[in-house]
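Provide a 3D model corresponding to the input given below.
(2 chains)
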Number of protein chains: 2
Amino acid sequence: MTKQVSPLRSGSIIGILGTGQLGRMLSLAGAQLGFKTHIYGPEENAPASEVSWRTTTADYRDETALTHFAESVEVVTYEFENVPQETANFLSQFVPVRPPVRALDIAQDRLTEKNFLKECGLSVAGFQNIETYEDLQEVHARFDGQGIIKTRRFGYDGKGQWRMTPETDLKALLNEIDNRPAICEAFIPFDGEVSVVAARSTSGQIATFDMAENIHENHILRHSFVPTGLADSLKQQAADMARLLLTELDYVGVLTLEIFVCQDKLLINEIAPRVHNSGHWTIDACATDQFEQHMRAVAGWPLGSPNRQYDAVMTNLLGTEINHIDSLAEDEMTKIHFYGKHEAKAGRKMGHVSRLFKVGHRPDREGYKLF
Amino acid sequence: MTKQVSPLRSGSIIGILGTGQLGRMLSLAGAQLGFKTHIYGPEENAPASEVSWRTTTADYRDETALTHFAESVEVVTYEFENVPQETANFLSQFVPVRPPVRALDIAQDRLTEKNFLKECGLSVAGFQNIETYEDLQEVHARFDGQGIIKTRRFGYDGKGQWRMTPETDLKALLNEIDNRPAICEAFIPFDGEVSVVAARSTSGQIATFDMAENIHENHILRHSFVPTGLADSLKQQAADMARLLLTELDYVGVLTLEIFVCQDKLLINEIAPRVHNSGHWTIDACATDQFEQHMRAVAGWPLGSPNRQYDAVMTNLLGTEINHIDSLAEDEMTKIHFYGKHEAKAGRKMGHVSRLFKVGHRPDREGYKLF
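The predicted structure follows:
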């Protein structure tokens, strides 16, 4: 029997699995709504702990720690999709887990995800499961040698991905994959990558943020531009995709769709059952941001307005880029967010900035530079 | 020798004296900028502690605790003006205290404050120091029997205030004052009360938020309406007053001026060397809010833009009013802020909401009701 949670009152405790910057920003948004957050994860001194009411530092499979955690909270959510399913299933014996465990299930495995999206009638790039050398040969022929191999699980920021070209040595590639479950996706010569962040409440209310166009550098998100230059019909199509998935999954919380734009077609690249880096611009440019929206949904509250009052360019700050406070803060419309991480390792996401512009005045993405 | 602090880097620790909702919101704003906050105050389980990196629960005169506190932080600020001066002076041996101790000095004593404002050439209501029965008699004659007696120290939300009328029994009034230092202010038949919240950085940069018109009920702030209906010339005059005071005090941080509007004249009622309840609307309606602005200033950062993108009505939620989540959240442009307080005592500020409107569309204050 799970506890009743709708709507949670001020002072209620929300559990968050995961201790990184997304958990930190969820915690801050929750605090504005009067909630205490209890953070759970294996890392010591993590970004989310500094701003949360309580932290449990324990392994995701530590059932004693999980039981205590569940007993202390009214509802559990998560900041990343690689929370072990066993963990989520175990917790859901005691408290509601939002978004639903099924969304984790789907998002954790690229093959399950692609099949699910296809079953929902949504467009995805061609894909094929890879287990053997013969699978690689077959897909190489089927996709004219143009593909991306991705491990089915635990890939992020380009990790666990290999480009396949007509020249690729398939034996060497198989060695690289090293027996990890993988799929091959047809290589899509896309015109751009966009994302849509949307939320659904316990009562089925849906709110969708404006889409962002995302620019990656070295497989890491560098900039998100809002609004995109897409036609209204494509924007509507993306919002409809989000609505369909949220409803199909009986979803509660924020869901992100990463989408390839191929001329006048949208192909879903992947979905993330959580707040997303490409939605960080909402903190400063929208009436309600993705973090607040997620916490409202998880707490059984009605959603807030996703209305956007500025154009925005969000840029991730990597490594020592966060040390340049004077140049970052020179423009009074540049909103600064640092995550309080201790070590500025090269390529590590240490913070982000959102530059705000009057609606209709965002800079062109060609040649855009933060500094 | 005090530590160098400009500009503080991500992960730096900022000390905050005071543990209430203002400290809580300062802490949340600081966290978005990557700062850790160390809260200091005598109360256990206070609102600010839940979201801060560390809390020291100790008396303001505990020099051992204060020394440890000072050693752990880069700079100290405060959420309320009744921090003992000895505390601020003691701490300033070790770390910068921002805003400056002189501002505390002035704001803590209504007589000192009025004299300071007068010396700055600013308009205030007539006032007189009250020590004896003869003082009361004299001021009763001078102000035609129309005055407000206020204790010089520690008054808030109407506490330590008495109305003096032509009929007042001055002996009984003297008994009420009970030997506390007090002043009498001439009773002003004002048309409205407004406030202006402004900030100054370590480099002398000044940013001023739009003024709010404040409606009190039972001596407690109930609503703030933004914008005010004041003439531009009066708005400019109020901003000039703020600039003058910030400069005169070599101020760093947020300063609030409470002002009476008497036809086409502005009289300063009081100043608060801190973020202010009448500035809470800035959280949702401005590019940078008062809490972030204060933390930026205190950290030696440049200020952000105080640009306002919505009209707003802020309403304090008292006692059990915060339990009506569904009615509060019904309108998706109502931004909800709860302070996580444990006991919903009658009249206690438990949270606030800011209703947002398109610029030019704020409701009239006559007959305005939240529910």
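
need phi/psi at A:Phe357.
phi -140, psi 150 (degrees, to the nearest 10).

flag every residue of the stretch 151-300 of chain A that's near chain B.
A:207, A:283-284, A:287-288, A:296 (C-beta under 8 Å from any C-beta of the partner chain). (C-beta placed from N, C-alpha, C; glycine too.)

who wins for most neighbours among these?
Counting neighbours by other C-beta atoms under 10 Å in any protein chain shown, A:Arg296 leads these with 29 neighbours.

helix or strand for that one, which one?
Using DSSP states H and E, A:Arg296 sits within helix A:290-298.

what is the mean pLDDT for that helix?
The average pLDDT within helix A:290-298 is 98.

ok, the helix or strand following it: who's next to it in the sheet?
As assigned by DSSP H and E, the chain's next helix or strand after helix A:290-298 is strand A:311-318. Applying DSSP bridges to the sheet, strand A:311-318 is found paired with strand A:220-226 (antiparallel), strand A:349-357 (antiparallel).

quick one: buried residues of the first one?
If you call a residue buried by 16 or more other C-beta atoms under 10 Å in any protein chain shown, then strand A:220-226 has these buried ones: A:221, A:223-226.

quick revisit: can you redo the residues of the stretch 151-300 of chain A next to chain B as a markdown table with distance to B:Thr57 and secondary structure?
Output for these, formatted as a markdown table (distance: C-beta to C-beta, whole Å; DSSP: H, G, I helix; E, B strand; the rest coil):
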| residue | distance to B:Thr57 | secondary structure |
| --- | --- | --- |
| A:Ala207 | 41 | strand |
| A:Ile283 | 32 | helix |
| A:Asp284 | 34 | helix |
| A:Ala287 | 37 | coil |
| A:Thr288 | 34 | coil |
| A:Arg296 | 32 | helix |
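
any idea which of the residues you listed is closest to A:Thr67?
A:Arg296 (27.4 Å; C-beta to C-beta).

give me the nearest residue to that closest one, chain neighbours excluded.
A:Leu303 (5.8 Å; C-beta to C-beta, 6 or more residues apart in numbering or on different chains).

ok, whichever residue of the stretch 101-250 of chain A sits closest to chain B - contacts?
Proximity of the stretch 101-250 of chain A to chain B (C-beta to the nearest C-beta) peaks at A:Ala207, 7.7 Å away. Residues near A:Ala207 by C-beta atoms under 8 Å, 6 or more residues apart in numbering or on different chains: A:198-199, A:288, A:293, A:303-306, B:332.

which parts of the stretch 201-350 of chain A are helices?
A:232-248, A:282-285, A:290-298, A:325-329 (DSSP state H, counting those that start in this stretch).

quick one: low-confidence parts of chain A?
A:1-5, A:157 (pLDDT under 70).

so which residue is dead centre in it?
Centroid-nearest residue in chain A, with C-alpha atoms, centre = their mean: A:His276, separated by 3.3 Å.

ok, it touching A:Glu270?
No. In this structure, A:His276 is not within contact of A:Glu270 by C-beta atoms under 8 Å, at 10.6 Å.

got the contact list for A:Tyr251?
Counted by C-beta under 8 Å, 6+ apart, A:Tyr251 has contacts A:99-100, A:103, A:200, A:245, A:273.

could you dump the residues you listed to JSON lines with neighbour count?
Rendered in JSON lines, the data for those read as follows (neighbours: other C-beta atoms under 10 Å in any protein chain shown):
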{"residue": "A:Pro99", "neighbour count": "27"}
{"residue": "A:Pro100", "neighbour count": "18"}
{"residue": "A:Ala103", "neighbour count": "27"}
{"residue": "A:Arg200", "neighbour count": "26"}
{"residue": "A:Leu245", "neighbour count": "23"}
{"residue": "A:Pro273", "neighbour count": "28"}
